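>>> Quick one, structure for this:
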Amino acid sequence: MSQHTVVLLLGSNIGDQKKNIDTALDKISETCFILKKSEYLTSEPVEFASSNIFCNIATIISTHQSPIQLLDYVKKIEIEMGRLTDSTISKVYTDRIIDIDIVKYDELKFTSERLEIPHKKHLFEREFSRILLKNFS
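Okay, here's the model as predicted:
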């Protein structure tokens, strides 16, 4: 099985945000190897209004999972942690206990209804993402 290098962004704006992110990272590390983590960064919500500030982190992982297997795995973690809505499906952004996005997967370019790699909004449009990812380039 070949290993793949993947960049993930995690965010939370409900409850103990850092603890939520750390819990998600622990769950990710059950099947993936965490190679590097950024510092935590707080940011305003993007593309929706909320009084809850986000805590975000970027991480580089190594995984044997395919992009869709990894997507299914991180979505399972989100649901296990109490996330009720998936903005990919609902097309509406809301407060969330955890959000895990696949930003890059090796040098793969991939698009499906559920997943776009690389994640163009995080790479090029969202300021907090650019700050977190600048040390990973």
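
>>> Now tell me what touches stretch 11-31 from outside.
8, 10, 34, 37, 40, 45, 50, 52-57, 59, 61, 63, 65, 73-74, 77-78, 80-81, 95-100 (Cβ atoms under 8 Å, 6 or more residues apart in numbering). C-betas here are computed from N, CA, C, even on glycine.

>>> what about it, start to end distance?
From its first residue to its last, stretch 11-31 covers 20 Å (Cα to Cα, to the nearest Å).

>>> Give me the distance between stretch 51-67 and the centre of its chain.
3 Å (Cα atoms, centre = their mean, to the nearest Å).

>>> Identify the single longest helix in this structure, thanks.
Longest helix in the chain, counting residues (DSSP state H): helix 67-80.

>>> for that one, the distance to its chain's centre please.
10 Å.

>>> Also stretch 11-24?
With Cα atoms, centre = their mean, you get 12 Å for stretch 11-24.

>>> Now it: buried residues?
11-14, 17, 20-24 (16 or more other Cβ atoms under 10 Å).

>>> And the longest helix of the chain, what does it pack against?
helix 17-28, strand 99-105 (3 or more Cβ pairs under 8 Å, 6 or more residues apart in numbering; DSSP states H and E).
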